[in-house]
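Engineer: Mind looking at a prediction? Sequence and model below.
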Amino acid sequence: MSPTYLKRQKEMKRMEKQRIKAEKRAQRKVAKHAIAEAALQQPDGAPESQVSQTPQGENQSEVG
């Protein structure tokens with residue numbers, strides 16, 4: 001293989017890694033904003049509904 005081909009392959013791999021990292025950063029940013037927005041909607045920090053799973057797999061509302 002020629003050095004030019006190898007350099008091109010190396011550059012393509014580097015660009016692919018950069019693209020993947022940029023996508024991950026964007027996903028973290030979106031997730032961070034979604035969490036912050038949810039916290040603003042619920043200022044007391046309590047979840048909207050407290051639901052737990054019973055051993056039989058049925059949903060049961062907790063009374064607290």
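Structural biologist: Perfect, thanks for sending it. Numbers count the residues shown, from 1 in each chain.

Engineer: List the buried residues in the helix or strand containing Arg19.
Structural biologist: Using DSSP states H and E, Arg19 sits within helix 3-41. Within helix 3-41, no residue qualifies as buried by neighbour count (16 or more other C-beta atoms under 10 Å). (C-beta placed from N, C-alpha, C; glycine too.)

Engineer: average pLDDT across it?
Structural biologist: Taken as a whole, helix 3-41 has a mean pLDDT of 93.

Engineer: Run through the neighbouring helices and strands of that helix.
Structural biologist: Secondary-structure packing of helix 3-41 (3 or more C-beta pairs under 8 Å, 6 or more residues apart in numbering; DSSP states H and E): no helix or strand packs against it.
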